[in-house]
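Q: structure of the sequence below:
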Amino acid sequence: MNKLSGQDALFLHVDRPHASSHGTMIYIYDQTTLNGQRLGFREIVHHIESRLDPMYVQRRKIVQVPFGLGYPYWVEDDLFDIDFHVRHFALPKPGDWRQFCILLSRIHARSVDLSRSPWEMYVIEGLDNIEGIPKGSFAIITKTHHAAMDGTAAAEFTWAMHDLAGAPGKPGAITPKPQPAHPPCHSRRITDTLTRMVIDNISASARMAAPLRRVLPKLATFGLRRLAQSLRSSDGGVPRTRFNANVSAKRVWDSVTLDLATVKQIKGLVPGATINDAVLAMIGGAMRRYLQAKDELPEKSLVSMAPVNTRQEGAERTTNTISILRFPLGTHIDDPLERLQAVQLATAECKAIQSAIGAHELTNLQKFTPPATLGLAGRLATLTGGGGKGPVLLHNCMVTNVPGPNEPLYLLGAKLVHWGGMGPLADGMSLIWNPTSYCGKMFISLTSSPNIVPDPDFLARCLLDSYEEMRDVAHQICQPVTTAPVPGKRRKPRMDKARQARMPVTRAASTGVIETPLRALVTVVDNAG
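A: This is a model prediction of the structure:
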């Protein structure tokens, strides 16, 4: 029996019927690498079951302690049935990109059944009319509650499901299911629960003392005034936008595919910039274009949150070990190069704060939060949208980056060609961007609610336009000019060109929706690769 940490349990407390805290990963596979063969559904199910480690959360379920007075804990799911968790769908006709986006949005909108092991998979066939995807391809969609794993743990689960070799393989042996222990009597369960409540709250309070002793002196040294300044965006506040509103129970999703080498060239425009900085600047340009088209662009820069991994070497691969960083996106800056410079300066400042305070200690403050206070924290987070609504705003959206491998991955010989995901929305946090890098490509997807973003294809096109604008700047600066350029306006990409360049993605992973204490004091995902 393993207890959830305070950070894991918090995701259960912020669950709402219309906004569940689960993340969705999207994988698309090319079967032409199978030399004319085709994988069957049962073959895929057998492979998935053979890769489920019995110690992973995939075979366990969550048991809640009454009234939230103790940490929830994991127990073996005695009724575990792989056929309940892995389901078979076919993409409706005409089987195009729009139908794929609609189906993914519907799958992501449904909550995960917490009476069982909190994950689901969907094998989707019929991907024959999607531009850029080989005919005969199929997709696997995984949906996991955030209490079970964060984005980094989900990426490691991706590694466990795949192989590096491209040769068609056979499913491995299925690990025998552990025999359930003899259940204790009713009176024993009541006694154990009451004892656990007392121990959890006392021990959690004691464990918080150590990180507090280490953090408080650093806060005094660093200066509370500078901390207060860092918790505000560079222009003095977070503007209220359409994204700071309540979400519906429905979801929308879209994505674009970019060239990773070009993204690296873009980040090279500013010394010290990372791939993460370049992606943020592109997203800032996309949101600027989108709000301009709606005549809603504020004078102040929009601010994003970003969950970052604070897991230490040798720590458990599942569960959550994240904290939150926030910084402006430069949406008030028209020039793409100046926007990238502003983003780089903002992230550099956050790195200085992280170095002075220590992200791991701040994560521990949340992980060791006494369970009796988690319910209150969850209700407060829900009322304020994690800082996305209420009288004082802290952010306008979330950006969660999951870097993938540069080498191709295979599932039973079928090559993984797209890997990305969808993030959990909440009232006040109605837009999540999921950048995922894999095998020379950068997939950036967006997840929102139709009452907030009724036209996700247009927002995706705005992202593509922002990328192409920054790409053109990089080419102009990096390539020598042999002749004087002819003055003129930059030609906007045609609609059909933008649609042609757009490609499906796969996400990102998933992400945290609740900011830790002292939200800005965390590590930056330095994906400078």
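
Q: can you map out the helices along the stretch 401-529 of the chain?
A: Using DSSP state H, counting those that start in this stretch, the helices of the stretch 401-529 of the chain run over 456-478, 495-501.

Q: the bottom helix or strand of the protein by mean pLDDT?
A: Sorting the helices and strands of the chain by mean pLDDT, DSSP states H and E puts strand 506-507 at the bottom, at a mean of 34.

Q: point out where the protein drops to low pLDDT.
A: Low-confidence segments of the chain (pLDDT under 70): 1, 54-56, 150-153, 166-236, 309-323, 351-387, 479-529.

Q: so how many other residues sit close to the nearest residue to His85 once chain neighbours are set aside?
A: The shortest distance from His85 to any residue other than its chain neighbours is 5.6 Å, reached at Glu120 (C-beta to C-beta, 6 or more residues apart in numbering). C-beta here means a position set from N, CA and C on the backbone, and glycine is covered the same way. By other C-beta atoms under 10 Å, 21 other residues sit near Glu120.

Q: which parts of stretch 268-281 are buried?
A: Leu269, Val270, Ala273, Thr274, Ile275, Asn276, Asp277, Ala278, Val279, Leu280, Ala281 (16 or more other C-beta atoms under 10 Å).

Q: who's in contact with it?
A: Outside stretch 268-281, the residues within contact range by C-beta atoms under 8 Å, 6 or more residues apart in numbering are 263-264, 266-267, 304, 327, 329-330, 336-337, 339-341, 343-344, 347-348, 399, 401, 435, 437, 442, 444, 470, 473-474, 477-478, 524-529.

Q: just checking, what packs against whatever helix or strand the residue nearest to His85 lives in?
A: Here Glu120, judged by DSSP states H and E, is contained in strand 119-127. Other elements packing on strand 119-127 under the criterion 3 or more C-beta pairs under 8 Å, 6 or more residues apart in numbering; DSSP states H and E are helix 41-50, helix 82-85, strand 86-90, helix 97-109, strand 137-145.

Q: buried residues, the first one. List them.
A: It stands for helix 41-50. Neighbour-count burial for helix 41-50 flags Ile44, Val45, His46, His47, Ile48, Glu49 (criterion: 16+ other C-beta under 10 Å).

Q: quick one, what contacts Asp334?
A: Arg288.

Q: ok so, going back, return the most buried member of the helices and strands packed on strand 119-127.
A: The highest average neighbour count among the helices and strands packed on strand 119-127, using mean count of other C-beta atoms under 10 Å, belongs to strand 137-145 at a mean of 23.

Q: show me the contacts for the nearest residue to Glu407 once chain neighbours are set aside.
A: The shortest distance from Glu407 to any non-neighbouring residue, by C-beta to C-beta, 6+ apart, is to Leu164 (6.3 Å). The neighbours of Leu164, taking C-beta under 8 Å, 6+ apart as the test, are Glu407, Pro408, Leu409, Tyr410.

Q: and for Ile48?
A: Ile48 neighbours (C-beta under 8 Å, 6+ apart): Ile82, Val86, Met121, Met161.

Q: which among the residues you listed gets closest to Thr142?
A: Met121 (5.1 Å; C-beta to C-beta).

Q: thought the closest one was touching Ile141?
A: Yes: in this structure, Met121 is within contact of Ile141 by C-beta atoms under 8 Å, at 6.7 Å.

Q: surely Arg339 and Pro328 touch.
A: No: in this structure, Arg339 is not within contact of Pro328 by C-beta under 8 Å, at 9.7 Å.

Q: which neighbours do those two have in common?
A: With C-beta under 8 Å, 6+ apart, Arg339 and Pro328 have common neighbours Gly284.

Q: check the gap between Ala460 and Asp277 for me.
A: 21 Å (C-beta to C-beta, to the nearest Å).

Q: of the contacts of Ile48, just say which sits nearest to Ala19.
A: Nearest to Ala19, judged by C-beta to C-beta, of these is Met121 at 21.8 Å.

Q: contacts only, for the closest one.
A: Going by C-beta under 8 Å, 6+ apart, Met121 touches Ile48, His85, Val86, Arg87, Ile140, Ile141, Thr142, Lys143.

Q: the second one against Trp119, yeah?
A: Yes: contact between His85 and Trp119 holds when scored by C-beta under 8 Å: they sit 6.3 Å apart.

Q: okay, and the common contacts of these two?
A: Joint contacts of His85 and Trp119 (C-beta under 8 Å, 6+ apart) are Gln58.

Q: assign Pro298 to helix, strand or coil.
A: Here Pro298 is recorded as coil under DSSP: H, G, I helix; E, B strand; the rest coil.

Q: now do the contacts for it.
A: Residues near Pro298 by C-beta under 8 Å, 6+ apart: Pro239, Arg240, Thr241, Leu291, Thr331, His332.

Q: redo the residues you listed as CSV? Include distance to His13 and secondary structure.
A: Below are those laid out as CSV (distance: C-beta to C-beta, whole Å; DSSP: H, G, I helix; E, B strand; the rest coil):
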residue, distance to His13, secondary structure
Pro239, 29, coil
Arg240, 26, coil
Thr241, 27, coil
Leu291, 32, helix
Thr331, 32, coil
His332, 35, coil
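
Q: tell me the buried residues within those.
A: Buried members of the contacts of Pro298, scored by 16+ other C-beta under 10 Å, are Pro239, Thr241, Leu291, Thr331, His332.

Q: mind listing what Asp254 touches?
A: So Asp254 contacts Cys101, Ser445, Leu446, Pro456, Asp457, Leu459, Ala460, Arg502 (C-beta under 8 Å, 6+ apart).

Q: list the beta-bridge partners for Tyr73.
A: Note on Tyr73: beta-bridge partners Lys3, Val63, judged by DSSP bridges.

Q: and the residue nearest to Thr32 when sequence neighbours are not counted, how many neighbours?
A: Nearest non-adjacent residue to Thr32, counting by C-beta to C-beta, 6+ apart: Pro134, 5.4 Å away. When neighbours are defined as other C-beta under 10 Å, Pro134 has 16 of them.

Q: likewise Asp335?
A: Counted with other C-beta under 10 Å, the neighbours of Asp335 add up to 13.

Q: which residues in the stretch 251-400 of the chain form helices?
A: For the stretch 251-400 of the chain, the helices defined by DSSP H, counting those that start in this stretch occupy 260-267, 275-293, 336-357, 359-367, 371-384.

Q: can you give me the buried ones in the shortest one?
A: So that's helix 260-267. Buried residues in helix 260-267 (16+ other C-beta under 10 Å): Leu260, Thr262, Val263, Lys264, Gln265, Ile266, Lys267.

Q: got the contact list for the fifth one?
A: Meaning Gln265. By C-beta under 8 Å, 6+ apart, Gln265 lies in contact with Arg471, Ala474, Cys478.

Q: ok, now with 10 Å
A: By C-beta atoms under 10 Å, 6 or more residues apart in numbering, the residues touching Gln265 are Asp259, Ala278, Met470, Arg471, Ala474, His475, Ile477, Cys478.

Q: of these, which pair is most distant in space?
A: For the contacts of Gln265, the farthest-apart pair by C-beta to C-beta is Asp259 and Ile477; their separation is 17.2 Å.

Q: Ala147 and Asp8, how far apart?
A: Ala147 is 5 Å from Asp8, where distance means C-beta to C-beta.

Q: ugh, wrong one, Ser111
A: On the measure of C-beta to C-beta, Ser111 and Asp8 end up 17 Å apart.

Q: between the two, who's got more neighbours?
A: Neighbours per residue (other C-beta under 10 Å) separate Ser111 from Asp8, with Asp8 holding more: 25 against 17.

Q: SS state for that one?
A: Put simply, Asp8 is helix when judged by three-state DSSP.

Q: neighbour-wise, which of the contacts of Gln265 leads?
A: Ala278 leads the contacts of Gln265 on contacts (other C-beta under 10 Å) with 30 neighbours.
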